[in-house]
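J.: Provided below for reference: sequence and predicted model.
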Amino acid sequence: MPADQPRETVLILGGTREAADLARQLVADRPHARIITSLAGRTKEPAPLAGEVRTGGFGGAEGLARYIKENGITQLIDATHPFARQISANAVEAARLAGVPFEIRTRTPWAKQPGDNWIEVETLEEARDAIPEGARVLLALGSQHIGLFSSREDVHFVVRMIDQPEEPLSLPDHTLVLGRPGGSAAVETMLLIAHSITHIVCRNSGGKAAYAKIEAARQMGLPVIMVKRTP
Ligand code: NAP
């Protein structure tokens, strides 16, 4: 690389398994580049990442654009979760403000397979209202969305979280399971059976990490109340 050219510095907006895979690949493929992954800081002990890591919000699109300029970022890649809409919108605007090349790596949504019993809805509110009375639901959502379901006093919820929540969950009747999603349909099947789950509520995130529960539901013939991806 000529001495007068800035060092290649890639900023990956991460927090997903795909972003971690991308960081590993870029570190291996571009040994002279700086590869930085940005995390929101929601998980207390995130899995180790290849390259550098920075944590915490930037302060909106302007803050992200400032970070890009101050840190000599030469490429911005949005590899965040498909339902993390704010940071993705900020990324588009920040790349424009800072004038850096920008790429989006969004997972494709899961496609319904033969045997899947999906009740597809547009919003989390519709998902909440679609749960039948007396159901036992695996609520596979981020902690910020759990409160929406607190009006369903007639339902037992099983909530899985990586970290112990700081505040007790606002759900009237629930079981908290600490841990990451099971890596295989067999592991997820054990969870579904152990808690006598009758329904799963989740969003169509796509990707491998969260798919095992969908496969398990298919094998068990369980209905999945699936919030669709909107453009
Ligand atoms: P969000 O609503 O789009 O973002 C809210 C704010 O959090 C953003 O405005 C930004 O703050 C900060 N932020 C989000 N992602 C960031 C990142 N990678 N680096 C630095 N700051 C970030 O996002 P969210 O739904 O809360 O998700 C937060 C993070 O968790 C994302 O990185 C996402 O990839 C990951 N994640 C989300 C889900 C999900 O279900 N939504 C699932 C798995 C992983 P400032 O405006 O201050 O910059």
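T.: That came through, no problem. Numbers count the residues shown, from 1 in each chain.
J.: what's the neighbour count on the residue of the chain at minimum distance from the ligand?
T.: Relative to the ligand, the nearest point of the chain is residue 57 (2.4 Å; CB to the nearest ligand atom). Glycine gets a C-beta too; all of them are placed from N, C-alpha and C. For residue 57, the count of nearby residues is 13 (other CB atoms under 10 Å).
J.: over to the one 3 residues further on?
T.: Burial measure for residue 60: 15 neighbouring residues, criterion other CB under 10 Å.
J.: so it makes contact with residue 90?
T.: Yes: at 6.0 Å, residue 60 counts as touching residue 90 under the criterion of CB atoms under 8 Å.
J.: next, the contact list for the residue nearest the centre of the chain, please.
T.: The centre of the chain sits closest to residue 81, judged by CA atoms, centre = their mean, with a distance of 4.1 Å. Residues in contact with residue 81 (CB atoms under 8 Å, 6 or more residues apart in numbering) are 15-16, 205.
J.: the closest residue in space to the residue of the chain closest to the ligand that isn't next to it in sequence: neighbouring residues, count only.
T.: The shortest distance from residue 57 to any non-neighbouring residue, by CB to CB, 6 or more residues apart in numbering, is to residue 40 (6.6 Å). Using other CB under 10 Å, residue 40 has 18 neighbouring residues.
J.: also the one 5 residues further on?
T.: The criterion is other CB under 10 Å. On that basis, residue 45 has 7 neighbouring residues.
J.: what kind of secondary structure is it in?
T.: Classification of residue 45 using DSSP: H, G, I helix; E, B strand; the rest coil returns coil.
J.: rewinding a little: check the residue nearest to the centre of the chain and give its pLDDT.
T.: Looking at residue 81, its pLDDT is 93.
J.: so where is the protein shaky, pLDDT-wise?
T.: 1-4 (pLDDT under 70).
J.: now the residue nearest to the centre of the chain: how far from residue 150?
T.: Distance check for residue 81 against residue 150: by CB to CB, to the nearest Å, it reads 23 Å.
J.: again with residue 73
T.: Per CB to CB, residue 73 is found 41 Å from residue 150.
J.: more crowded one of the two?
T.: It is residue 73, of residue 73 and residue 150, that has more neighbours when counted by other CB under 10 Å, with 23 against 14.
J.: residues in this protein within reach of the ligand, list them.
T.: 13-16, 38-40, 42, 57-60, 63-64, 80-81, 83-87, 90, 142 (CB under 6 Å from any ligand atom).
J.: show me those that map onto helices.
T.: In helices, judged by DSSP state H, the following of the residues of the chain next to the ligand are found: 60, 63-64, 85-87, 90.
J.: any idea which of the residues you listed has the most stuff around it?
T.: Most surrounded of these: other CB under 10 Å gives residue 64, at 25 neighbours.
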